[in-house]
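**Q** Need coordinates for the below:
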Amino acid sequence: MDETILFQAGNLKVSAIPYQLNFKFPFKLALSTRSYTDIVILKVQSGKITVYGEAALPPYLGASVQSTIDFYKSLDWNLILDFSLQESREMIDLASTADNAAKASISIALHDLHCQREDITLGDLYEIKSEKTSYSTYTIGISTEKELRRKLEEGKDFKIIKLKLGSDDDKDLIKAYKKHCQKPFCVDINQGYKPRDKAAEMGEFLLKNGVLFIEQPLPAEQFEEMAWVRERVDIPFIADESVKRLSDLRYAAEAFDGVNIKLMKSTGIAETYEMIAQSRKLNLKIVLGAMAESSLGNTAAAHFASLADWVDLDGPMLTSNDPFEGIIYSHGAIVLPSRAGVGAIPVKGMETDSKFIL
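**A** Numbering: from 1, shown residues only. Take a look at the predicted model:
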């Protein structure tokens with residue numbers, strides 16, 4: 001699809017570019033399977049500086065490429081680019097009660113622009129000084145034993161594996177994993193267990209098999225049922241679909257042990273940082289995750305990796321046509337680029353390729 005010009009005046013230009021991120025393997029979850037993720041790349045040009053944002057649009061978020069572009073079109077870009085980061089954030093959030101990923105893409109781009117102008121990194125802006133090495137999990141969708149072995153080979157440099165569950169064959173998959181791999185592992189059910197007894201029974205099974213934590217076993221709205229399960233199984237339960245924004249955290253604290261915080265759910269960088277701080281106050285464990293974004297979204301999130309208990313930012317390893325470069329992995333350890341701003345830039349050649357216009 002072609003570039004959509006959203007705003008242009010003087011040396012300022014804002015545009016949107018739809019793109020499909022293709023998975024290396026079909027990404028099978030409890031409730032769906034997909035071979036790609038739609039994203040919209042937001043491009044902001046201000047004088048000699050060009051920055052980008054990313055809206056990743058997995059189906060469960062309920063947004064589409066067209067709805068994202070429509071949201072961009074509804075905004076007053078002249079004011080957004082003139083305001084401070086906080087003023088722009090407030091204005092954008094008031095424009096819609098939804099469109100979280102679109103808001104996140106603007107947050108990424110505006111933070112990048114601000115930091116490049118100041119010649120600082122995103123981590124510098126938020127005064128993140130930790131020298132802690134953070135290791136990302138490597139995610140494997142629901143698989144047969146043969147598929148599992150092939151995916152384990154693909155992720156062999158990673159120290160922690162994340163297994164997607166939620167099928168009738170979950171116990172067999174865990175047995176196959178234990179047969180072929182001895183690395184620590186966690187699981188993500190993606191709301192795949194009903195009723196609560198099933199979640200409790202599988203929780204006990206996973207506990208006996210050494211799982212690190214269990215993510216979102218029940219449907220998002222079932223907080224009371226989740227609290228019931230949590231009382232019966234002594235393992236950390238992490239909320240994902242149940243918690244999107246800062247205001248949701250008060251519900252999570254009563255039913256979960258931790259929360260998976262993502263830029264695309266939270267509306268962007270500032271609220272992600274606030275959610276991390278509030279989660280600590282509520283004694284919630286933190287998984288820093290993503291929606292299988294490109295290296296752009298994952299690099300932006302990775303600046304907060306040292307603040308999390310676990311990190312799930314392996315999207316660039318799962319896709320075959322990443323249009324950006326930034327975050328890299330050294331035996332699963334996250335290594336951030338040293339460039340000012342977010343640190344992600346278009347893959348060489350993408351800036352001039354007429355199909356992408358980056």
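**Q** At the geometric centre of this protein, which residue sits there?
**A** Centroid-nearest residue in the chain, with CA atoms, centre = their mean: Ala290, separated by 1.0 Å.
**Q** per-residue confidence at that residue?
**A** In the predicted model, Ala290 carries a pLDDT score of 98.
**Q** ok, it touching Ile261?
**A** No. The criterion here is CB atoms under 8 Å, and Ala290 misses it with Ile261 at 10.0 Å. Yep, even glycine has a C-beta here, placed from its N, CA and C like the rest.
**Q** hang on, Ser67 in a helix?
**A** Yes. Applying DSSP: H, G, I helix; E, B strand; the rest coil, one finds Ser67 inside a helix.
**Q** tally of neighbours for the residue lying closest to it once chain neighbours are set aside?
**A** Distances taken as CB to CB, 6 or more residues apart in numbering place Asp99 nearest to Ser67, at 7.1 Å, with adjacent residues excluded. Asp99: 24 surrounding residues under other CB atoms under 10 Å.
**Q** Which pLDDT value goes with Asp99?
**A** Reading off the model, Asp99 has pLDDT 98.
**Q** quick one: it and Gln66 touch, right?
**A** No. Between Asp99 and Gln66 there is no contact under CB under 8 Å: 11.9 Å.
**Q** Would you map the strands across the stretch 51-200 of the chain?
**A** Counting by DSSP state E, counting those that start in this stretch, the stretch 51-200 of the chain has strands at residues 137-140, 160-164, 185-188.
**Q** What strands flank the last one, and is each parallel or antiparallel?
**A** Taking DSSP bridges as the criterion, strand 185-188 pairs within the sheet with strand 160-164 (parallel), strand 214-215 (parallel).
**Q** Show me what that strand is in contact with.
**A** With contacts defined as CB atoms under 8 Å, 6 or more residues apart in numbering, strand 185-188 is touched by 137, 139, 160-165, 177, 206, 210-216, 240, 310.
**Q** Just the buried residues of the longest helix anywhere in the chain, please?
**A** The residue-count maximum for a helix in the chain (DSSP state H) belongs to helix 100-118. Residues of helix 100-118 classed as buried by neighbour count (16 or more other CB atoms under 10 Å): 100-116.
**Q** Any idea what Val44 is bridged to?
**A** Val14, Val51.
**Q** Give me the pLDDT value at it.
**A** We have a pLDDT of 98 for Val44.
**Q** Could you do Thr352 as well?
**A** 51.
**Q** swap in the one 4 residues further on?
**A** The model reports Phe356 with a pLDDT of 56.
**Q** Quick one: the helices in the stretch 101-250 of the chain, in order.
**A** 122-125, 145-154, 170-180, 196-208, 223-232, 249-255 (DSSP state H, counting those that start in this stretch).
**Q** Need the ones you listed in CSV (columns: mean neighbour count).
**A** Below are those laid out as CSV (neighbours: other CB atoms under 10 Å):
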stretch, mean neighbour count
helix 122-125, 19
helix 145-154, 15
helix 170-180, 16
helix 196-208, 18
helix 223-232, 17
helix 249-255, 17
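**Q** weakest of the ones you listed in terms of mean pLDDT?
**A** Taking the average pLDDT of each of the helices of the stretch 101-250 of the chain, the minimum falls on helix 249-255, with a mean of 94.
**Q** And for that helix, what's in contact with it?
**A** Contacts of helix 249-255 (CB under 8 Å, 6+ apart): 223-224, 226-227, 230, 237, 239, 242-243, 259, 275, 278-279, 282-284.
**Q** which one among those residues gets closest to Asp82?
**A** Ranked by distance to Asp82 (CB to CB), these are led by Met275 at 27.4 Å.
**Q** burial count for the closest one?
**A** Residues within reach of Met275, counting by other CB under 10 Å, total 25.
**Q** With Asp168 instead?
**A** Neighbour number of Asp168 under other CB under 10 Å is 6.
**Q** any idea how far Tyr126 is from it?
**A** 44 Å (CB to CB, to the nearest Å).
**Q** pull the helix or strand with minimum mean pLDDT from the protein.
**A** Least confident helix or strand of the chain, by mean pLDDT, DSSP states H and E, is helix 249-255 with a mean of 94.
**Q** Sticking with Leu42, tell me its helix or strand.
**A** Using DSSP states H and E, the element containing Leu42 is strand 33-46.
**Q** which helices and strands does that strand pack with?
**A** strand 12-28, strand 49-56, helix 65-73, helix 100-118 (3 or more CB pairs under 8 Å, 6 or more residues apart in numbering; DSSP states H and E).
**Q** Including distance to Val187, could those go into TSV?
**A** Shown next, in TSV, are the helices and strands packed on strand 33-46 (distance: least, CB to CB, whole Å):
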stretch	distance to Val187
strand 12-28	14
strand 49-56	22
helix 65-73	31
helix 100-118	25
